[in-house]
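Participant: Requesting a structural model of the entry that follows:
(2 chains)
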Number of protein chains: 2
Amino acid sequence: MKRIAVDAMGGDHAPQAVVEGVNQALSTFPDIEIQLYGDEAKIKQYLTATERVRIVHTTEKINSDDEPVKAIRRKKEASMVLATKAVKDGQADAVLSAGNTGALLAAGVFVVGRIKHIDRPGLMSTLPTMDGKGFDMMDLGANAENTAHHLYQYGILGSFYAEHVRGVKQPRVGLLNNGTEDTKGTPVHQEAYKLLAEDKSINFIGNVEARELLNSVADVVVTDGFTGNAVLKTIEGTAKSIVGQLTGSIKNGGLRAKLGGLLVKPTLKKALGAMDYKKAGGAVLLGLKAPVIKAHGSSDAQSIFYTIKQTRSILEAGIVEKSVAKFSVVEDSND
Amino acid sequence: MKRIAVDAMGGDHAPQAVVEGVNQALSTFPDIEIQLYGDEAKIKQYLTATERVRIVHTTEKINSDDEPVKAIRRKKEASMVLATKAVKDGQADAVLSAGNTGALLAAGVFVVGRIKHIDRPGLMSTLPTMDGKGFDMMDLGANAENTAHHLYQYGILGSFYAEHVRGVKQPRVGLLNNGTEDTKGTPVHQEAYKLLAEDKSINFIGNVEARELLNSVADVVVTDGFTGNAVLKTIEGTAKSIVGQLTGSIKNGGLRAKLGGLLVKPTLKKALGAMDYKKAGGAVLLGLKAPVIKAHGSSDAQSIFYTIKQTRSILEAGIVEKSVAKFSVVEDSND
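Facilitator: Next up is the predicted model:
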């Protein structure tokens, strides 16, 4: 049985969306057990599942504008903190929240704790590509700065995820850089390139450029948290702006545009389906002793369902155990 | 008379596109004079203008895959090098090339030279926004690493450009960061934030996020060269992928989609017109003793025309003179 602690109070549509996603996941997956942390009365309004679920009542919660580290330290009874503690105490195998990202990262590092030899856990998401296959990018912003060694570790962690959770054989690992030659980038990138190239356990394909990300240039893209955050937000912002511009022009166009819009609508909808983030699940903080998963703040019930599904796959794949084994060997041999 | 040295042999469609752009510019702007550097016989095939133009013959040229610094040093007779030297020697006021970007940056720094007190010239482009106003972003990759002081100088240079070349009153200068609070980012960003905020001669509006760039969140966006390069390429790649995905789905769709596509085509074309890079001109290496302008490698005659138009505006605005004056005051007061 896979035991998942869920912060019922995190996200824009909590607790309704969270609890409804949980209902759906419990009826779909007979091998999961859910602990819901939050306001019992509010949770019960939406909870229809009766088996393999229990509520841990608390009224305290972390808000989206709380200062992350302070919130974790001071709000000791917050739903997110209690859910994270359940993992640390061995009462749950993984934790999921759609709440304050920074607070969840802090709770992951300070409460769940890092895997031995992993310096800086990183945030990873599966982003959509045009062919629908997707790619895993990390770090997406858990850290503002990273060393070459961090980037190297992200290559290994991302490769594990792509292979064991997404089922990609020999995932192609690329280093995000400002050109494809191995001399490109800062000294950090040049050093990371060497470390990644030397480790024959991963399929490192060299530098990749941001222009090619949506064209499936790699299965795993390694980057520092600052650049990763900027690139992720640029993809989101550009996609939203362009789709908005095009659909807006049809809506505000003349009769001809409107009629054409009606005709192409199903085709465009299908084409944009390849870019649907929902099914890819949430962002995973990799490098911790247990999976810590961040669902999107605007998650609806369906997104929560897919994020629980993803959490279940991560537990099934044994990513954490594989990471522990790999890093104890890699780093001990460096000692 | 504004004297512009043009590398006739740079770019994918040289010399034809370059020379045809020059023809158009000469007939439109009576106050410019063009020196064309390159193979005289080839240039003459396309040159129709007869006044205010002369050819400086050379057969050597820098290729797109040449190592930039080496190429500048060894190919002393290359069209790009001779055009740049003409500026240094006072025979031209600005130089323009659609060739090897790295080589042009190197020629700018080593041949034209930096303005006193400017540490690291940066590459700036006007990028499109959905409302058609555009924003200036720098550095786009002239440097792999930047200090806080470099970023501060980019704020001033970008502000000059937006105000005097694009005519934006009190341009809003934003610092690209991973959040809007002033504590965000690396120590470099935090320090750059302070330097920008302290200089009351610019209209600094604080941190901006990559998600908002195409929504006109700022008129000038300051960033380090590595992040700027990644964000620029992400915008280009995402826009291209999405538009390609949508138009491809209509083309490959059924009769209904094709008919709808015909009807919406003019509307979509107009909507995407706001994103047309061509009219914005090329990328400008700011911080040098004379304007050095990089036209896109795939430039057609129309792009070259707009880049010459932009070069003329930069000369007319006296950006270099204004920068010289500003930095002699700012930096001397820091001594």
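Participant: Give me the buried positions along the lowest-mean-pLDDT helix or strand in chain A.
Facilitator: Ranked by mean pLDDT, DSSP states H and E, the weakest helix or strand in chain A is helix A:319-334, scoring a mean of 82. Residues of helix A:319-334 classed as buried by neighbour count (16 or more other Cβ atoms under 10 Å in any protein chain shown): A:319, A:320, A:322, A:323, A:324, A:326, A:327. From N, CA and C alone the C-beta is placed, and that goes for glycine too.
Participant: Please verify my assumption that the third one contacts residue A:157.
Facilitator: So the one you mean is residue A:322. No - contact criterion Cβ atoms under 8 Å: residue A:322 and residue A:157 do not qualify, at 9.6 Å.
Participant: Can you list the neighbours in contact with stretch A:76-86?
Facilitator: Stretch A:76-86 has contacts (Cβ atoms under 8 Å, 6 or more residues apart in numbering or on different chains) with A:5-10, A:35, A:37-38, A:56, A:58-62, A:71-72, A:75, A:92, A:95-97, A:99-100, A:103-104, A:107-108, A:111-112, A:292.
Participant: Now it: buried residues?
Facilitator: Within stretch A:76-86, the residues that count as buried by 16+ other Cβ under 10 Å are A:78, A:79, A:80, A:81, A:82, A:83, A:84, A:85, A:86.
Participant: Same question for stretch A:209-225.
Facilitator: Neighbour count says stretch A:209-225 has A:209-215, A:217-225 buried, by 16+ other Cβ under 10 Å.
Participant: likewise stretch A:132-152?
Facilitator: Neighbour counts over stretch A:132-152 (16+ other Cβ under 10 Å) mark A:134-144, A:146, A:148-152 as buried.
Participant: Distance-wise, check the closest residue to residue A:122 other than its chain neighbours relative to residue B:273.
Facilitator: Leaving aside its sequence neighbours, residue A:122 sits nearest to residue A:139 (Cβ to Cβ, 6 or more residues apart in numbering or on different chains; 3.4 Å). Per Cβ to Cβ, to the nearest Å, residue A:139 is found 37 Å from residue B:273.
Participant: Please apply the same query to residue A:247.
Facilitator: Residue A:247 is 16 Å from residue B:273, where distance means Cβ to Cβ.
Participant: The two: who's more crowded?
Facilitator: residue A:247 (16 against 12; other Cβ atoms under 10 Å in any protein chain shown).
Participant: can you pull the contacts of that one?
Facilitator: Neighbours of residue A:247 in contact, by Cβ under 8 Å, 6+ apart: residue A:261.
Participant: Please identify the helix or strand for it.
Facilitator: Assigned by DSSP states H and E, residue A:247 belongs to helix A:225-251.
Participant: And for residue A:99?
Facilitator: Under the assignment here (DSSP H and E), residue A:99 is part of no helix and no strand.
Participant: State the pLDDT value of it.
Facilitator: At residue A:99, the pLDDT value in this model is 96.
Participant: related to what we said a few turns ago, quick one: is the next helix or strand after the helix holding residue A:247 near chain B?
Facilitator: The C-terminal neighbour of helix A:225-251 among helices and strands, as given by DSSP H and E, is helix A:255-273. Yes - Helix A:255-273 reaches chain B (Cβ under 8 Å from any Cβ of the partner chain) through A:256-257, A:259-268, A:270-272.
Participant: Can you give the strand pairings for the helix or strand just after helix A:255-273, parallel or anti for each?
Facilitator: Next in sequence after helix A:255-273, counting helices and strands by DSSP H and E, comes strand A:283-286. Strand A:283-286 has its sheet partners listed here by DSSP bridges as strand A:122-127 (antiparallel), strand A:292-294 (antiparallel).
Participant: so can I have CSV of these showing mean neighbour count, distance to residue A:279 and mean pLDDT?
Facilitator: Below are those laid out as CSV (neighbours: other Cβ atoms under 10 Å in any protein chain shown; distance: least, Cβ to Cβ, whole Å; pLDDT from 0 to 100):
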stretch, mean neighbour count, distance to residue A:279, mean pLDDT
strand A:122-127, 25, 9, 96
strand A:292-294, 27, 15, 98
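Participant: Now render those as TSV, adding distance to residue B:187.
Facilitator: Below are the strands paired with strand A:283-286 laid out as TSV (distance: least, Cβ to Cβ, whole Å):
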stretch	distance to residue B:187
strand A:122-127	20
strand A:292-294	26
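Participant: Give me the distance between residue A:223 and chain B.
Facilitator: From residue A:223 over to chain B the distance is 8 Å, taken as Cβ to the nearest Cβ, to the nearest Å.
Participant: Torsion angles phi and psi at residue A:205?
Facilitator: For residue A:205, the backbone dihedrals are phi -110, psi 10 (criterion: degrees, to the nearest 10).
Participant: Could you do residue A:138 as well?
Facilitator: phi -160, psi 150.
Participant: Contact partners for the closest residue to it other than its chain neighbours?
Facilitator: In space, and not counting its chain neighbours, residue A:138 is closest to residue A:124: 3.6 Å by Cβ to Cβ, 6+ apart. By Cβ under 8 Å, 6+ apart, the residues touching residue A:124 are A:136-140, A:154, A:157-158, A:161, A:283-286.
Participant: Residue A:300 now?
Facilitator: With Cβ under 8 Å, 6+ apart, residue A:300 has these contacts: A:13, A:17, A:21.
Participant: ok so, going back, now list the buried members of the contacts of stretch A:76-86.
Facilitator: With burial judged by 16+ other Cβ under 10 Å, the buried subset of the contacts of stretch A:76-86 is A:5-10, A:35, A:37-38, A:56, A:58, A:60-62, A:71-72, A:75, A:92, A:95-97, A:99-100, A:103-104, A:107-108, A:111-112, A:292.
Participant: the strands in the stretch 101-250 of chain A, which residues?
Facilitator: Shown for the stretch 101-250 of chain A, the strands assigned by DSSP state E, counting those that start in this stretch span residues A:122-127, A:135-138, A:172-176, A:203-208, A:220-222.
Participant: Could I get the ones you listed in a markdown table, plus columns for distance to residue A:187?
Facilitator: A markdown table is the format used below for the strands of the stretch 101-250 of chain A (distance: least, Cβ to Cβ, whole Å):
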| stretch | distance to residue A:187 |
| --- | --- |
| strand A:122-127 | 20 |
| strand A:135-138 | 21 |
| strand A:172-176 | 13 |
| strand A:203-208 | 14 |
| strand A:220-222 | 16 |
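Participant: neighbours of residue A:45, just the number please.
Facilitator: Residue A:45 has 10 nearby residues by other Cβ under 10 Å.
Participant: Tell me, what's the model's pLDDT at it?
Facilitator: For residue A:45, the predicted pLDDT is 97.
Participant: Distance of it relative to residue A:9?
Facilitator: With distances taken as Cβ to Cβ, residue A:45 is found 13 Å from residue A:9.
Participant: Could you do residue A:98 as well?
Facilitator: As judged by Cβ to Cβ, residue A:98 and residue A:9 stand 9 Å apart.
Participant: Just list whatever residues bridge to the residue nearest the centre of chain A.
Facilitator: When Cα atoms, centre = their mean is applied to chain A, the residue found nearest the centroid is residue A:283 (0.9 Å). For residue A:283, the beta-bridge partners are residue A:294 (DSSP bridges).
Participant: now the one 5 residues further on
Facilitator: When bridges are called by DSSP bridges, residue A:288 pairs up with residue A:114.
Participant: That one touches residue A:108, doesn't it?
Facilitator: Yes - between residue A:288 and residue A:108 a contact is recorded at 5.2 Å, counting by Cβ under 8 Å.
Participant: So, low pLDDT: which residues of chain A?
Facilitator: Low-confidence segments of chain A, defined by pLDDT under 70: A:274-278, A:331-335.
Participant: residue with max distance from the center of it?
Facilitator: Quick read of chain A (Cα atoms, centre = their mean): farthest out is residue A:255, 42.6 Å.
Participant: give me every residue that touches it.
Facilitator: With contact set as Cβ under 8 Å, 6+ apart, residue A:255 has no partners.
Participant: who in the stretch 101-250 of chain A is up against chain B?
Facilitator: Selection of the stretch 101-250 of chain A residues close to chain B by Cβ under 8 Å from any Cβ yields A:130, A:141, A:144-145, A:176, A:178, A:184-186, A:189, A:209-215, A:225-227, A:229-231, A:233-246, A:248-250.
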